[in-house]
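Engineer: Using only what follows, build the 3D model:
(one chain, ligands or ions: 1)
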Amino acid sequence: MSLIDNLRGEARRAPVSGIEAVANYGRDRKGLIPLWSGESDRATPDFINAAAKRGLDAGETFYTWQGGIPELRQSLARYHERHFGLKFSPDEFLVTIGGMQAIVLAIEATAGAGDEAIYLEPAWPNFAGAAGVAGATPVPVALTEGANGWYCDIDRVKAAVTPRTKVMFVNTPANPTGWTADIETLKSLLDLSRRHGTWIIADEIYALFHYNGQRAPSFMDIMEPEDRILFVNTFSKNWAMTGWRVGWMKTHPSLERTFENLIQYSSSGVAQFLQRGAIAALDEGDDFLAAQITQAKASRDLICRKLADTGRVRFSVPPGAFYLFFKVDGMKDSTKAAFEIVDKALVGLAPGVAFGQAGEGYLRLCFHRKLEDVEEAADRLAKWIGKL
Ligand SMILES: Cc1ncc(COP(=O)(O)O)c(C=O)c1O
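Structural biologist: Numbering: from 1, shown residues only. As a prediction, the model looks like this:
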């Protein structure tokens with residue numbers, strides 16, 4: 001018996017990320033334009049770095065509050081008040097190691113062995129991965145791509161609910177499709193949660209990357225305080241801080257102690273000096289964020305125009321997030337295509353199948369990069385498509 005056979009099945013079965021497989025293959029290619037992962041090419045702005053450095057210089061290198069330093073939790077409450085127009089209190093917020101730890105804690109708290117966790121596919125793979133590691137069974141429900149873009153057929157979600165369903169993961173605007181739930185869809189999902197006692201893990205991390213001039217509709221617009229909704233969020237995308245690994249949860253204040261305990265037994269908290277940078281992002285970062293959104297919109301419009309011009313690419317223009325999820329006429333196997341595009345076009349894309357079977361036949365491109373790169377990538381892709 002090998003060592004690996006002695007590990008828990010949930011750990012052994014944790015799937016390899018299909019995005020990483022292509023990225024590992026192409027990472028070192030000279031001149032490659034990497035559009036496979038969900039981040040911009042912009043390093044964290046100086047005003048955020050400076051705040052973290054001040055914390056470090058002041059000796060903030062000790063153990064700290066499990067749920068986050070009080071000043072950051074106050075900033076989070078203010079940030080939510082600005083963007084959601086409601087009152088929030090600092091004890092609704094818990095600081096986590098990126099959005100990913102928030103997701104892990106939310107699942108740990110709601111589903112385990114014998115339970116089912118619904119998610120909408122194509123989906124960012126980490127939700128199903130984390131649910132599986134927690135011992136729960138991830139249950140995909142396919143989104144549909146119609147003439148007016150992606151939508152969620154609520155009857156399909158209803159049909160997937162069983163007595164074992166403990167949690168539904170709702171990511172809107174969505175990675176990878178850009179699907180953005182309208183308020184009616186959010187109401188139907190909330191109604192389902194109320195009727196079946198199912199938790200919702202609301203991943204609205206791209207809520208501000210929404211291109212009609214307003215943030216995306218949110219469960220916060222329609223929920224009551226006692227609804228079973230756990231929000232997961234992150235500093236990664238809004239303020240170019242993917243490598244910092246700082247995020248947050250928003251919960252009901254009555255859950256504060258429980259989540260602090262879960263943090264204690266996983267990471268025991270987030271480095272205090274990093275939290276100083278996070279405060280600067282929230283309190284001084286609105287202009288930076290607005291500029292990021294403007295740039296992402298310009299890149300979206302450019303890539304959509306250039307790929308549509310080939311006459312062989314099919315997609316729904318994403319109303320939110322910063323990914324284009326597209327099909328190329330004649331292309332079937334997305335993994336094979338993604339490897340070939342590394343070799344022949346020197347562009348890094350994520351294969352659609354990495355987002356579940358509902359994503360096979362698609363490729364995902366992150367357009368949140370400077371325009372010149374997006375334009376060059378589009379030209380290289382157009383050339384590759386021309387030779388198919
Ligand atoms: C939908 C979604 N949720 C959560 C995350 C996690 O973000 P973080 O980098 O903070 O762990 C990502 C990152 O790509 C994402 O796309």
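Engineer: all contacts plus neighbour counts: C-alpha atoms, from now on.
Structural biologist: OK.
Engineer: is stretch 80-97 anywhere near the ligand?
Structural biologist: No - Stretch 80-97 does not reach the ligand (Cα under 6 Å from any ligand atom); its nearest approach is 7.3 Å.
Engineer: buried residues in that stretch?
Structural biologist: Neighbour counts over stretch 80-97 (16 or more other Cα atoms under 10 Å) mark His80, Phe88, Ser89, Pro90, Asp91, Glu92, Phe93, Leu94, Val95, Thr96, Ile97 as buried.
Engineer: That one - what's its average pLDDT?
Structural biologist: For stretch 80-97, the mean per-residue pLDDT is 97.
Engineer: Give me the residues contacting that stretch.
Structural biologist: 67-68, 70, 73-78, 102, 215, 220-221, 245-253, 256, 259-260, 263, 267, 269-270 (Cα atoms under 8 Å, 6 or more residues apart in numbering).
Engineer: Please apply the same query to stretch 120-140.
Structural biologist: 10-11, 14-15, 17, 100, 103-104, 107-108, 111-119, 141-143, 152, 160, 169-171, 174-177, 352, 354-359.
Engineer: circling back to that earlier point, so which of the buried residues of stretch 80-97 are in helices?
Structural biologist: His80 (DSSP state H).
Engineer: quick one, what contacts Gly99?
Structural biologist: Per Cα under 8 Å, 6+ apart, neighbours of Gly99: Val232, Asn233, Thr234, Phe235, Ser236, Arg245, Val246, Gly247, Trp248.
Engineer: List, one by one, the residues from this structure near the ligand.
Structural biologist: 38, 98-100, 124, 171, 175, 203, 234, 236, 242, 245, 247.
Engineer: residue boundaries of the strands in the stretch 151-300 of the chain?
Structural biologist: Here the stretch 151-300 of the chain has its strands, by DSSP state E, counting those that start in this stretch, at 165-171, 199-203, 229-234, 247-250.
Engineer: Can you redo those as TSV, where the extra columns are mean neighbour count, mean pLDDT and distance to Thr294?
Structural biologist: As requested, the strands of the stretch 151-300 of the chain are exported to TSV (neighbours: other Cα atoms under 10 Å; pLDDT from 0 to 100; distance: least, Cα to Cα, whole Å):
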stretch	mean neighbour count	mean pLDDT	distance to Thr294
strand 165-171	24	98	22
strand 199-203	25	98	22
strand 229-234	26	98	20
strand 247-250	25	98	23
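Engineer: Could you count how many residues lie near Met1?
Structural biologist: Under the neighbour criterion other Cα atoms under 10 Å, Met1 is assigned a count of 5.
Engineer: residue ranges of the helices in the stretch 251-388 of the chain, please?
Structural biologist: Taking DSSP state H, counting those that start in this stretch to define them, one finds helices in the stretch 251-388 of the chain at 256-264, 272-284, 286-309, 334-345, 371-386.
Engineer: ranking the ones you listed by burial, who's on top?
Structural biologist: helix 272-284 (a mean of 21; mean count of other Cα atoms under 10 Å).
Engineer: Sweet, I'm off.
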